[in-house]
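K.L.:
predicted model and sequence below, questions to follow.
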Amino acid sequence: MKRAKPERHIAVESSDKVMRNVFCRNYGECLDYAILKKWPGFSCQNCHSYEQERLEGQALNDDHARCMALAFVSGALELSL
């Protein structure tokens, strides 16, 4: 199996312009990588490591948390206290 290869991408204003395979088994790893690198976004467009995955329960919650973290570090989401 090839390692997932996300590419740095600009943040987008509309979800229909995002080139990501959110139901990929590697998606969480790619989210973690983008967060670590503090990218404004990432694309799966040129990655050939897609493996379909269906998330449920805690795995779905963990994935949601990573998505929120990416939105926060990219500036697309602000925390208000």
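P.N.:
Yep, it's here. This structure is a prediction, so every number in the text was calculated from the model and none was measured.

K.L.:
which residue, other than its chain neighbours, is closest to the most centrally placed residue in the chain?
P.N.:
Closest residue to the average C-alpha location of the chain: residue 31 at 3.7 Å, with CA atoms, centre = their mean. Nearest non-adjacent residue to residue 31, counting by CB to CB, 6 or more residues apart in numbering: residue 66, 4.1 Å away. All C-beta spots, glycine's among them, are computed from the backbone N, C-alpha and C.

K.L.:
any idea how far residue 9 is from the one you found?
P.N.:
For residue 66, the distance to residue 9 equals 16 Å [CB to CB, to the nearest Å].

K.L.:
doesn't the residue nearest to the centre of the chain belong to a helix?
P.N.:
Yes. The assignment for residue 31 is a helix, going by DSSP: H, G, I helix; E, B strand; the rest coil.

K.L.:
for the residue nearest to residue 31, give me its contacts.
P.N.:
28, 31-32, 35 (CB atoms under 8 Å, 6 or more residues apart in numbering).

K.L.:
got it, and residue 74?
P.N.:
11, 38-41.

K.L.:
got it, and residue 54?
P.N.:
residue 23.

K.L.:
ok so it is a helix residue?
P.N.:
No. Applying three-state DSSP, one finds residue 54 to be coil, outside a helix.

K.L.:
returning to that earlier point: where does the helix or strand hosting the residue nearest to residue 31 sit relative to the chain's centre, distance-wise?
P.N.:
If you go by DSSP states H and E, residue 66 is part of helix 57-74. Mean C-alpha position of helix 57-74 versus that of the full chain (CA atoms, centre = their mean, to the nearest Å) differs by 8 Å.

K.L.:
now do the buried residues in that helix.
P.N.:
Buried residues in helix 57-74, defined by neighbour count with 16 or more other CB atoms under 10 Å: 63, 66-67, 70, 73-74.

K.L.:
relative to residue 80, how far out is residue 22?
P.N.:
Using CB to CB, residue 22 is found at 26 Å from residue 80.
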